[in-house]
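> Need the 3D shape of this:
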Amino acid sequence: MTDPVTDAPEGDTAGRSGARVLVETAADGGVEVCFANPGTTEMPLVTALDAVPAVRPVLGLFEGVCTGAADGYARITGKPAMTLLHLGPGLANGLANLHNARRAHSPVLNVVGDHASWHLPYDAPLTSDIVSLATPVSGWVGTVGSAAQMSRATAEALTASRTPPGCGATLIVPADFQQETIDAPLATVPPRPAPARPDAEAVEQIAERLRGGMPAVVLLGASALTERGQRAAHRITEATGATLYSETFPAAAERGGDLPALDRLPYFPEAACKALADAHTVVLAGALEPVAYFGYAGLPSVLAEPGTVRVLSEPGGDAEQALEDLADALGAPAAPPRRQSHIADDTGLPSGPLTAAVVGRTVSALLPEGAIVSVEGGTCGYPFFTASAQAARHTTLTNTGGAIGQGLPAALGAAIAAPERQVIALQSDGSAQYTIQALWTMAREQASVVTLIASNRRYGILRTELNRHGQSAVGAASAALTSLDCPPLDWAALATGYGVPAQRAETGTELAHALNRALAASGPQLIEMVL
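Model (predicted):
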């Protein structure tokens, strides 16, 4: 096998520290941002960021903010962001959002400092098995074995992170190798490999099944949820009558404007099975075969009927081209764009008490053109996603892996990735508390994020799950473990304490006015939506 990483004759590293070589190699490979929460063993890397201004350092108060922000950044740009984390415990604090990033196939480069190589045998208090911690959330894990290996190891990690379908890569860097000086050329990071071309035979076999006129479903994953992918999928559904769905939690999806008004495959298995029950063929384009989020007695784990699933494009494959090839094989003509009908102002919006439906309709109506919406939480997420088909064109990010605390950091990362676009964080109150520190970084960076908190003072999804497990009557213990009202969270005080101006809305009219004010302001804003 040919080694993709080469040593470049230019870029002599004479007199440079290993830490600086790492940062310079990352910068040469396209890394522009480092979301960092460093400690003692990363101080040489912190100093290296002074010397390499091409990489922008962004401080997070908690490692889960750093890893979630790197995920959000990668979803918008398609490029790796770097995280800088302190030893095994620091990495462990960021694992939940690295789990989400892995499920999103986000290219993330985690740089984790370690004790000096000669100090490791003494099992100091912060010594841990970093490799074992990193492996479940990384497609590639490596440890720098000497200062001379620094550039090459960094290039290998970056290359691995960008190889389709994209993954987390974790590079462990002992402190002594960061400090040593190196006299060697920088390694070159090759361009990102092109996605796999569609399989012509698979395309024709799927086309043959769809020509039969039997009911079908086309399920789109994130790589197919671009404008190009959706327009090709719309051609297919117009020609065959197939039903079009997005996967339940896509990493990123273009929405609104004249794009098809597709909805997400339902979350609960009963509804998802019903949506797929009549399908003779379920076509996967950039999506995995749908399975239930959790196992429920008496319900199937695999949601599609046996024998119906056909793979058009794997995640990381060229789903756009595969959909276009399938549309061409079916002789599907270009489908006319969907008629736009979104409301551009607050005229005719509901004015009464806030409900999830009122929030979804109001936010969709006032969404600016080109916005990015980071959605976390079931309270308002589904109503918004349904209503947002009528919104202005925007990009939606969802919680791919189900580890909560993703929404605010992903919004931060998206705002760093695309400062010219307005970012909305549509967030539930319980999950927001997992990574509430993201508000401070938003304020520090003056990130253009409007955070909308669905404040119902409980873990709504857990109340639903209690009912699903036969506990319709909430007892004292279950009420205490699913409630957030004793004491109630003071969102205005929390936001203000982190440097973010806050408002409160209890009706549709108040929400519309508050959102208009927030969108007109600069920097981060927060609105508590009392449901």
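
> Torsion angles phi and psi at residue 327?
Dihedral angles of residue 327 (phi, psi; degrees, to the nearest 10) stand at phi -60, psi -40.

> Return the set of residues that bridge with residue 529.
For residue 529, the beta-bridge partners under DSSP bridges are residue 454, residue 505.

> what do you get for residue 426?
With beta bridges defined as DSSP bridges, residue 426 has these partners: residue 375, residue 452.

> And for residue 82?
Going by DSSP bridges, residue 82 forms beta bridges with residue 34, residue 109.

> Pretty sure it sits against residue 34.
Yes - using C-beta atoms under 8 Å, residue 82 makes contact with residue 34 at a distance of 4.3 Å. Just so you know, the C-beta spots here come from the backbone N, C-alpha and C atoms, and that holds for glycine as well.

> Which neighbours do the two have in common?
Taking C-beta atoms under 8 Å, 6 or more residues apart in numbering as the criterion, residue 82 and residue 34 both touch 55, 111.

> More neighbours: which of those two?
residue 82 (32 against 27; other C-beta atoms under 10 Å).

> check contacts around that one.
Contacts for residue 82 (C-beta under 8 Å, 6+ apart) come out as 26, 31, 33-35, 55, 70, 109-111.

> Find the pair from these with maximum spatial separation.
Distances among the contacts of residue 82 were taken as C-beta to C-beta; the most separated pair is 55 and 110, at 14.6 Å.

> Settle it for me: which of these two has more neighbours?
Set residue 55 next to residue 110 and count neighbours by other C-beta under 10 Å: residue 110 wins out with 30 against 19.

> what pLDDT does the more buried one get?
At residue 110, the model reports a pLDDT of 98.

> Name the SS class of the closest residue to it other than its chain neighbours, please.
The spatially closest residue to residue 110, leaving aside those adjacent along the chain, is residue 170, at 4.3 Å (C-beta to C-beta, 6 or more residues apart in numbering). Under DSSP: H, G, I helix; E, B strand; the rest coil, the three-state class of residue 170 is strand.

> Go ahead and confirm residue 170 touches residue 91.
Yes - counting by C-beta under 8 Å, residue 170 touches residue 91, with 7.4 Å between them.

> Find the residues that touch each one of the two.
Counting by C-beta under 8 Å, 6+ apart, the shared contacts of residue 170 and residue 91 are 110, 112, 130, 134.

> The third one and residue 86: what is the separation?
The spacing between residue 130 and residue 86, counted by C-beta to C-beta, to the nearest Å, is 11 Å.

> Contact partners for residue 81?
Taking C-beta under 8 Å, 6+ apart, one finds 31-35, 69-70, 73-74, 108-109, 413 in contact with residue 81.

> on that earlier part again, among the shared contacts of residue 170 and residue 91, which one lies nearest to residue 426?
residue 110 (27.3 Å).

> How about the contacts made by the closest one?
Taking C-beta under 8 Å, 6+ apart, one finds 67, 70, 82-83, 85, 91, 94, 98, 134, 138, 168-171 in contact with residue 110.

> And for residue 453?
427-429, 432, 491, 526-529.

> and if we set it to 7 Å?
427, 429, 432, 491, 526-529 (C-beta atoms under 7 Å, 6 or more residues apart in numbering).

> Next, format those residues as a markdown table and append distance to residue 337 and neighbour count.
Listed next are these as a markdown table, based on distance: C-beta to C-beta, whole Å; neighbours: other C-beta atoms under 10 Å:
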| residue | distance to residue 337 | neighbour count |
| --- | --- | --- |
| 427 | 32 | 30 |
| 429 | 38 | 24 |
| 432 | 36 | 26 |
| 491 | 40 | 22 |
| 526 | 36 | 27 |
| 527 | 33 | 24 |
| 528 | 37 | 23 |
| 529 | 32 | 31 |
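
> possible to save these as TSV with pLDDT and distance to residue 347?
Listed next are these as TSV, based on pLDDT from 0 to 100; distance: C-beta to C-beta, whole Å:
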residue	pLDDT	distance to residue 347
427	95	27
429	92	29
432	94	30
491	95	28
526	98	26
527	98	20
528	97	25
529	96	20
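
> which one of the residues you listed is nearest residue 387?
residue 529 (14.7 Å).

> The closest one contacts residue 450, doesn't it?
No - Residue 529 is not in contact with residue 450 according to C-beta atoms under 7 Å; the separation is 11.6 Å.

> Kindly confirm my reading that residue 310 is in a strand.
Yes - counting by three-state DSSP, residue 310 falls inside a strand.

> Surely it touches residue 206?
Yes - when contacts are counted by C-beta under 7 Å, residue 310 is listed as touching residue 206 (5.0 Å).
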